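Engineer: my questions are about this predicted structure, shown below with the sequence.
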Amino acid sequence: MIGISMTAYSEKSLDGFEYWVQTVRELGFDFIEIMSEWPHYLSSGNLPLFREILSSYGMKVTVHAPFGDVNIASFNERIRDASLEIIRETLELSAELGAMVVTVHPGHWSPVSVNNPREYLEIHRRSLRDIARWSEEYGVKVGVENMPRFPILDAQDCDRLAEIIGGIEIGITFDVGHLNTTTQNFDRFLELFADRIVHVHLHDNSGERDEHLPPGRGTVPWERLLPRFQEVTMALEVKGISEARSGLRFIGEVLQ
C-alpha cells in the first residue's frame, strides 16, 4: 500500500486540500500521510475536515506527529512534558481518524545532553515508554523514525536507534532517504529491525543531504529495497505533485 505525504501539499491553508486529495487519488495513491506540522497541525478543529474529505475519496490515513518544536528527550521537564502531551494528543486524534500508523521523531541532542549522555538516554527511553503505553491505550501503531545526517539529530544509524528503543514495545518507521545520508547500510538496518518496521518513508537523495527527491533521482538502491517493503505501508515524501507522479511511476516500474 503506497501513500503520499502532505510534504507534497504546498498550500498554507486547507482550502485546496480536497482538490489535492482528488488529484493524488487519481494518480493511484492509497492513503494520505497527514504531516502534523505548521501550518497544518492536526487538531480537534480540523479533524472533521480531514475525516470527511479522506472518507469521501476512499483514502486511508497515516499521521506524522509534530517534531519541529518538540523534544521528547529534553532535560527541561516543562519542555519534555509539553512535547509528550503534543504526542499524546496526536495519538488520540489519530485514533479518532482511524490512522494506520503514527510516526514520531526521537529526541534530539542539546549541549546538556551531549555532556550527560547516560542521563539523556534514560530520559529518552522514559519518554518512549510513555508513548508506547499510549500507543496501546489508543490502539494506534507508532513508528520511531531514523534520522538524517544533521548535527543535533539522534538515531542516525541502526545501532543507536536500537539502543534507544531496545526492550520497549514500539515500532519503527524506516526512512530510506534518511539512512542514505548516514551509513547507507540498508541490509544491516533491515536485518536488525525486520520485525519492528511498521511503516516506510520513500524519497531519494545524493547521499550528502536530506533532499527529498523522487525515488530514482538519487543513489538509493531501490531495486534491492522496494521488494522488501510490500508487507508494510509506504509513504512517498516528496515536494510536489509532479515529483509524486514521477516517484510513483518509478516505484511501479521497479515492482512490476
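Structural biologist: Received the coordinates, thanks.

Engineer: which of the three states applies to the closest residue to residue 210 other than its chain neighbours?
Structural biologist: Closest residue in space to residue 210, ignoring its immediate chain neighbours: residue 148 at 4.0 Å, by Cβ to Cβ, 6 or more residues apart in numbering. For glycine as for every other residue, the C-beta is placed from the backbone atoms N, C-alpha and C. Look at residue 148: counting by DSSP: H, G, I helix; E, B strand; the rest coil, its state is coil.

Engineer: which parts of the stretch 51-200 of the chain are strands?
Structural biologist: Assigned by DSSP state E, counting those that start in this stretch, the stretch 51-200 of the chain shows strands spanning 60-64, 101-104, 141-145, 171-175, 197-202.

Engineer: from residue 91, how far off is residue 162?
Structural biologist: According to Cβ to Cβ, to the nearest Å, residue 162 and residue 91 sit 23 Å apart.

Engineer: higher neighbour count, those two?
Structural biologist: residue 91 (23 against 15; other Cβ atoms under 10 Å).

Engineer: out of the strands of the stretch 51-200 of the chain, which is the most enclosed?
Structural biologist: Neighbour counts (mean count of other Cβ atoms under 10 Å) averaged over each of those peak at strand 101-104, with a mean of 27.

Engineer: quick check, distance from that strand to the centre of its chain.
Structural biologist: Distance, stretch centre to chain centre, for strand 101-104: 6 Å (Cα atoms, centre = their mean, to the nearest Å).

Engineer: residue 52: how many residues sit nearby?
Structural biologist: Close neighbours of residue 52, defined as other Cβ under 10 Å, add up to 11.

Engineer: tell me the pLDDT of it.
Structural biologist: Model confidence at residue 52, given as pLDDT, is 98.

Engineer: got it, and the one 5 residues further on?
Structural biologist: Residue 57 is assigned a pLDDT of 97 by the prediction.

Engineer: could you shift the numbering so residue one becomes 40, and keep it that way?
Structural biologist: From this message on, residue numbering opens at 40, which makes the last subject residue 96.

Engineer: what's near enough to touch it?
Structural biologist: 60, 61, 64 (Cβ atoms under 8 Å, 6 or more residues apart in numbering).

Engineer: for it, grab phi and psi.
Structural biologist: phi -110, psi 10 (degrees, to the nearest 10).

Engineer: ok, now how distant is it from residue 66?
Structural biologist: Residue 96 sits 12 Å away from residue 66, going by Cβ to Cβ.

Engineer: tell me where the stretch 190-295 of the chain has helices.
Structural biologist: 197-204, 215-219, 225-232, 261-264, 280-294 (DSSP state H, counting those that start in this stretch).

Engineer: quick one on the thing from earlier: let me have the strands of the stretch 90-239 of the chain in a markdown table, extended by mean pLDDT and distance to residue 46.
Structural biologist: As requested, the strands of the stretch 90-239 of the chain are exported to a markdown table (pLDDT from 0 to 100; distance: least, Cβ to Cβ, whole Å):
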| stretch | mean pLDDT | distance to residue 46 |
| --- | --- | --- |
| strand 99-103 | 98 | 9 |
| strand 140-143 | 98 | 12 |
| strand 180-184 | 98 | 14 |
| strand 210-214 | 98 | 12 |
| strand 236-241 | 98 | 10 |
